[in-house]
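Student: sharing a model prediction with you, sequence too.
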Amino acid sequence: MSDETEDTIAEIETLPLDAWHRRKGARMVPFAGYEMPIQYEGIVAEHDWTRGHAGLFDVSHMGQLTLEGPDGDIAAAAEALEALVPGLVSSLKPGRMRYTLLLAEDGGILDDLMVTNTGQHIALVVNGACKWDDIAFLREHLPDDITLTHHEDQALLALQGPEAVDALGELVPAAAELVFMTAGFYDWNGVPLWVSRAGYTGEDGVEIMLPGNDAVTLWGQLLDAGVAPIGLGARDTLRLEAGMNLYGNDMDESITPWEANMGWTLVLNDRDFVGRQPLLNQQQNGHGELVGLVLEGKGVLRAHQQVLLPNGEQGEITSGTFSPTLGKSIALARLPAGATGKVDVEIRNKRQPAQVVKPPFVRNGQAVYKAL
């Protein structure tokens, strides 16, 4: 799943693990209305540890919501949400989850989110910087008989990496039996956990929801199992290597799913949903594309750098970084439709050559991108 841009609001809240992060010397930054750890040991070391072993991320800033219909009717809640999002919800069986979007009337992306049929209700995980706007949007558009609950007292931990599931299995053996994009309720020493097998790094792993008061204890036991704490800095390099969009960078209300390389999330059948008709029009009339770039020269690709095509057209980088796994700079960029081959990127008033590629850049620790 995706995240948010750094935020500058006056009121800063604290995470359930805030004191732990500070005791361990984490570098804290304002982010999505909270102070959050950007790194502990260092971004590259934390990135490499997650790719090779297992890293633990505190993502409790994200919004955890549930929807229920009259008398706990899950089907009614699913149908009501399905009228608002471009993905199917009512077909989700208990324990299954799906990635989808909230869209504006013109097809622009308000947020990206995970939707799960828990067997008790419909659960949503939304981006921290967008959660209050999402809640307002849902309350405005959902029928009055659908109950929306914001679980503000919950913590959310993301455990990612090839050893992640084994580490959790030492504490909650049954949770290790989950497969990708499934979820379930579990008991950990009398504490209720909601565990989903998904994540935002391109690695195997899980996300764990639990009462905020119990988060420090579970965090500590996972670290005792050989997991390392990882900050936002490595989370960004990991997700970019995996070709995953970041809300506020690669997509926002001015960008449609087609322009964010997310047409695969759209189910454009006869079912109506908010933003459907503009998306149909854009599908027919054409649109820009989000592609990958790999820098061939020196320098680092960054958001908002200009991309210059051989035919004189231009594009813009939406997210860029130095890839620790590949040892070179990579980026996502919004370019005119059909852009391929070599382009130039303007870095500090100099043109540097880059190759247009199809993300993801890395899978299972290996380069997998293909030149376009």
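Tutor: Nice, thanks for sending it over.
Student: what distance do you get for the residue at the greatest distance from the centre of the chain to residue 305?
Tutor: The C-alpha centroid of the chain is most remote from residue 311, which lies 34.1 Å away (Cα atoms, centre = their mean). From residue 311 over to residue 305 the distance is 19 Å, taken as Cβ to Cβ, to the nearest Å. Just so you know, the C-beta spots here come from the backbone N, C-alpha and C atoms, and that holds for glycine as well.
Student: then residue 264?
Tutor: Taking Cβ to Cβ as the measure, residue 264 falls 27 Å from residue 305.
Student: neighbour count for those two, which is higher?
Tutor: The neighbour count for residue 264 versus residue 305, taken as other Cβ atoms under 10 Å, is higher for residue 305 (22 against 9).
Student: hmm, residue 316 and that one touching each other?
Tutor: Yes. In this structure residue 305 lies within contact range of residue 316 using Cβ atoms under 8 Å: 7.2 Å.
Student: am I right that the residue farthest from the centre of the chain falls within a strand?
Tutor: No. Counting by DSSP: H, G, I helix; E, B strand; the rest coil, residue 311 is not part of a strand but coil.
Student: next, work out how far apart it and residue 123 are.
Tutor: Taking Cβ to Cβ, one finds residue 311 at 47 Å from residue 123.
Student: now residue 330: which helix or strand?
Tutor: strand 328-335 (DSSP states H and E).
Student: what is that strand packed up against?
Tutor: Contact here means 3 or more Cβ pairs under 8 Å, 6 or more residues apart in numbering; DSSP states H and E; on that basis strand 328-335 packs against helix 232-241, strand 289-295, strand 314-323.
Student: with mean neighbour count and distance to residue 165 added, can I get these in a markdown table?
Tutor: Below are the helices and strands packed on strand 328-335 laid out as a markdown table (neighbours: other Cβ atoms under 10 Å; distance: least, Cβ to Cβ, whole Å):
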| stretch | mean neighbour count | distance to residue 165 |
| --- | --- | --- |
| helix 232-241 | 25 | 17 |
| strand 289-295 | 22 | 28 |
| strand 314-323 | 20 | 25 |
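Student: for residue 363, which of these is the nearest?
Tutor: helix 232-241 (8.8 Å; Cβ to Cβ).
Student: run through the neighbouring helices and strands of the closest one.
Tutor: strand 34-39, helix 43-52, strand 314-323, strand 328-335.
Student: run through who's touching the following helix or strand past that helix.
Tutor: Using DSSP H and E, the helix or strand that follows helix 232-241 in sequence is helix 276-285. With contacts defined as Cβ atoms under 8 Å, 6 or more residues apart in numbering, helix 276-285 is touched by 86, 103, 105, 106, 107, 256, 257, 258, 263, 266, 268.
Student: with stretch 15-25 instead?
Tutor: So stretch 15-25 is contacted by 28, 34-37, 40, 58, 60-61, 155, 212-213, 215-216, 219, 229 (Cβ under 8 Å, 6+ apart).
Student: compare the residues you listed and tell me which is most surrounded.
Tutor: Busiest of the contacts of stretch 15-25 [other Cβ under 10 Å] is residue 36, holding 28 neighbours.
Student: alright, that wraps it up for me.
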